[in-house]
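Sequence and predicted structure below; questions after.
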Amino acid sequence: MRKGSDGQDLFLPDQLSAQGNIGGFYNPLTKEYRFIITRWAQEVLNGTMDNTPLSIGPGSNGVSMNRVVLSGPEHPERPMKLLLTFTTS
């Protein structure tokens with residue numbers, strides 16, 4: 001999710017696309033979550049979308065008791081990272 005200019009939660013363009021699959025599943029082998037947010041990143045880089053804060057929430061919010069604890073970017077052992085891969089066509 002992203003924050004709109006008025007603070008409301010909005011879907012990322014990747015969530016609204018035909019595929020609608022942004023990943024976000026836990027990989028126990030690599031001990032990581034991966035999200036595919038290509039359209040959001042491209043729109044921010046193009047200047048067609050504001051670079052407002054992103055938030056992560058469970059897909060079954062309000063339905064399930066599942067939870068996860070994520071470390072922030074300052075965590076000494078498991079810092080949260082944003083990795084971008086650039087390609088040319």
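Received the coordinates, thanks.

where's the residue positioned nearest the centre of the chain relative to Pro76, distance?
In the chain, the C-alpha nearest the mean C-alpha coordinate belongs to Phe35, at 5.3 Å (C-alpha atoms, centre = their mean). According to C-beta to C-beta, to the nearest Å, Phe35 and Pro76 sit 23 Å apart. For glycine as for every other residue, the C-beta is placed from the backbone atoms N, C-alpha and C.

what do you get for Ser89?
Taking C-beta to C-beta as the measure, Ser89 and Pro76 are separated by 39 Å.

now do Pro28
22 Å.

Would you mark the buried spots in the biggest helix by length in the chain?
What stands out as the longest helix in the chain, according to DSSP state H, is helix 38-46. Of the residues in helix 38-46, those buried under the neighbour-count criterion (16 or more other C-beta atoms under 10 Å) are Arg39, Trp40, Ala41, Glu43.

same deal with stretch 24-34?
Applying a neighbour-count criterion of 16+ other C-beta under 10 Å, one finds nothing buried in stretch 24-34.

This completes my enquiry, with thanks.
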